[in-house]
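dropping a prediction and its sequence here:
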Amino acid sequence: MKFSLLIVNYNTESYIEALLDSLRVQTMSKSDFEIIISNNVQNKKLKEMIENNSFRDVFNIKIVQMHDNIGFGRATNAAAEIAVAKHLLIINPDILMTDKNYLDLMYGFILSNPNYGAISSKILNDDGRDGCEYYSYEFSENFDYDDEICWFEGSLLFITEELFKKLKGFDDDFFMYCEDEDLCYRIKKQGFPLIKNNELSVYHKGGSSEPNKDYAFYHRWYKSKI
């Protein structure tokens, strides 16, 4: 198996449905990847959506049911624990693969960069802006990684299962936000490169799990930044 796709659900069933529809038309054989969804909500909506669309007839889907909303990083770690592929794809529910050759082409790119730390591609929003890579961490700090990619947005991130486990995955102290920065920083400290494939792109809606920007949202966001 080439890829294990790791998805975290928190009231994003409709987005996951659209993502799975976009994966349905990928040219890569469906036997070459698995889909593992960590379910951070305690209802049957995710299961019903998958059953109503007969997605299990198309994909190898595993659901990891959480007892509570444990956050993005911890839920991704739980999905990674049962992944069987050499390469993990951490992917947000509100991503759409707009290129049907994306997985096949990315796999070839990965094989040509076997010693990568993390790989991503263009991640385009509604305005066509690419939000993939950043050249500093929070508060304009780059820790002497001048003119280098400091981190990739965690909405779409390829990493080997071996390296992810070596780094013990995302840091559990981050409930949500900035855990991707922290992971990429630790990848770079290990001496592995962050590599972007500028020939490929996906669409990212963004903010699907927290549409209401209330006090709790800003509290989590700024706590993670600090």
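Yep, that arrived.

in this protein, which spans are strands?
Taking DSSP state E as the criterion, the chain contains strands spanning 3-9, 33-39, 60-65, 87-91, 95-96, 118-124, 133-134, 151-152, 156-160, 194-204.

could I get those in a markdown table, plus columns for mean pLDDT and mean neighbour count?
Quick note: C-beta positions are derived from backbone N, CA and C, even for glycine. Formatted as a markdown table, the strands of the chain follow (pLDDT from 0 to 100; neighbours: other Cβ atoms under 10 Å):
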| stretch | mean pLDDT | mean neighbour count |
| --- | --- | --- |
| strand 3-9 | 98 | 25 |
| strand 33-39 | 98 | 23 |
| strand 60-65 | 97 | 15 |
| strand 87-91 | 98 | 25 |
| strand 95-96 | 98 | 20 |
| strand 118-124 | 98 | 22 |
| strand 133-134 | 97 | 17 |
| strand 151-152 | 98 | 27 |
| strand 156-160 | 98 | 24 |
| strand 194-204 | 98 | 18 |
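
for Arg220, which of those is the nearest?
When the strands of the chain are compared by Cβ to Cβ, strand 3-9 sits nearest Arg220, at 14.8 Å.

helices or strands up against the closest one?
helix 13-24, strand 33-39, helix 72-81, strand 87-91 (3 or more Cβ pairs under 8 Å, 6 or more residues apart in numbering; DSSP states H and E).

so for Gly71, which of the strands of the chain sits nearest?
Among the strands of the chain, strand 3-9 comes nearest to Gly71, with 8.6 Å by Cβ to Cβ.

give me the contact list for the closest one.
16, 19, 23, 32-41, 46, 72, 75-76, 79-80, 83-85, 87-93, 103, 107, 161 (Cβ atoms under 8 Å, 6 or more residues apart in numbering).

mind doing that once more with 7 Å?
For strand 3-9, the external contacting residues (Cβ atoms under 7 Å, 6 or more residues apart in numbering) are 16, 33-41, 46, 72, 75-76, 79-80, 83-85, 87-91, 93, 103.

got it, and stretch 50-66?
By Cβ under 7 Å, 6+ apart, the residues outside stretch 50-66 that reach it are 17, 20, 24, 30, 34-40, 46-47, 75, 78-79, 82.

quick one: low-confidence ranges for this protein?
Where the chain drops to pLDDT under 70, the residues are 208-211.

locate the residue of it with the greatest distance from its centre.
Going by Cα atoms, centre = their mean, the residue of the chain most distant from its centre is Asp144, 26.4 Å out.

still on that earlier bit, out of the helices and strands packed on strand 3-9, nearest to Ser121?
Ser121 lies closest to strand 87-91 among the helices and strands packed on strand 3-9, at 10.9 Å (Cβ to Cβ).

report the distance from that closest one to the chain centre.
Relative to its chain's centre, strand 87-91 lies at 6 Å (Cα atoms, centre = their mean, to the nearest Å).

what is it packed up against?
In terms of contacts (3 or more Cβ pairs under 7 Å, 6 or more residues apart in numbering; DSSP states H and E), strand 87-91 is packed against strand 3-9, strand 156-160, helix 161-166.
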